[in-house]
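Novice: show me how the following folds:
(one chain, ligands or ions: 1)
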Amino acid sequence: MFTCIFDETHIRMLEIEAILQKYQNRDRENLLPLLLEIQREIGHLSQKVILSVAAHLKIPSSKVYAVASFYDQFRFQPKSKYRILICNGTGCHIEGARQLLEEFNKQLGVENPADNRKELFNIEMVQCLGACGSAPVVKVNDVFYTNVNIDMIPEIIAAIKAKEEI
Ligand code: FES
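Specialist: Numbering: from 1, shown residues only. Below is the predicted model:
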């Protein structure tokens, strides 16, 4: 009987290493293409990915994270069925984005905001979603919610649950 001696994490790291090896010249301009390719393969940018890319390109991991977090298309957690993006751009930040995050975490039962991975949803703070005039803004997959306040959160969650018949 065949027994796999590598766990999934190890296999993923081998995949990441194979992608890094394609970018031998370690040019900083490779940062975005590298992140895109890794996310295409792995599905998200984990902490290990950020650290590996930083080491490969010889740049600080904070720089890699800053660049990746600027773009809406990068995920830092495995993909869930519903991706709840809370805009934390300047306009939304001023209008209470942080309180929205806390309320979503509370209502969805996420005790530790740093560990909000669920099969059904991810909650992420992202940079400007491009609707600053209607701040604060929340996006659930392709649906935009504008001028969001805490009282609207049960309605947003109910719309997700209705689709799932929870
Ligand atoms: S700052 Fe939130 S949409 Fe622009």
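Novice: in the strand or helix carrying Leu100, which residues are buried?
Specialist: Secondary structure from DSSP states H and E places Leu100 in helix 97-107. Of the residues in helix 97-107, those scored as buried under the neighbour-count criterion (16 or more other CB atoms under 10 Å) are 97, 100-101, 103-104. (Each C-beta comes from the backbone N, C-alpha and C, glycine too.)
Novice: what pLDDT, on average, does it get?
Specialist: The predicted model gives helix 97-107 an average pLDDT of 94.
Novice: ok, that helix near the ligand or not?
Specialist: No: interface with the ligand: helix 97-107 contributes nothing (CB under 6 Å from any ligand atom), its closest point being 7.4 Å away.
Novice: what helices or strands is that helix leaning on?
Specialist: Taking 3 or more CB pairs under 8 Å, 6 or more residues apart in numbering; DSSP states H and E as contact, the helices and strands that helix 97-107 lies on are strand 82-87, strand 121-126, helix 153-164.
Novice: helices of this structure, residue ranges please.
Specialist: Counting by DSSP state H, the chain forms helices over residues 8-22, 31-42, 47-57, 61-70, 90-94, 97-107, 153-164, given from the N-terminal end onward.
Novice: show me the beta-bridge partners of Ile138.
Specialist: For the record, residue 138 is Val, not Ile. Ile86, Tyr145 (DSSP bridges).
Novice: for it, give me its contacts.
Specialist: 84-87, 100, 144-145, 148, 156 (CB atoms under 8 Å, 6 or more residues apart in numbering).
Novice: and whatever residue of the chain ends up closest to the ligand, how many neighbours?
Specialist: Relative to the ligand, the nearest point of the chain is Gly89 (2.5 Å; CB to the nearest ligand atom). Gly89 has 19 neighbouring residues, counting by other CB atoms under 10 Å.
Novice: so what's it closest to, chain neighbours aside?
Specialist: Beyond its immediate neighbours in the sequence, the residue positioned closest to Gly89 (CB to CB, 6 or more residues apart in numbering) is Cys128, lying 3.3 Å away.
Novice: correct me if wrong: that neighbour contacts Leu85.
Specialist: No: the pair Cys128 and Leu85 does not pass the contact test of CB atoms under 8 Å, sitting 10.9 Å apart.
Novice: skip the chain neighbours and tell me the closest residue to the most centrally placed residue in the chain.
Specialist: Most central residue of the chain, judged by C-alpha distance to the mean C-alpha position with CA atoms, centre = their mean, is Arg75 at 2.9 Å. Leaving aside its sequence neighbours, Arg75 sits nearest to His44 (CB to CB, 6+ apart; 4.2 Å).
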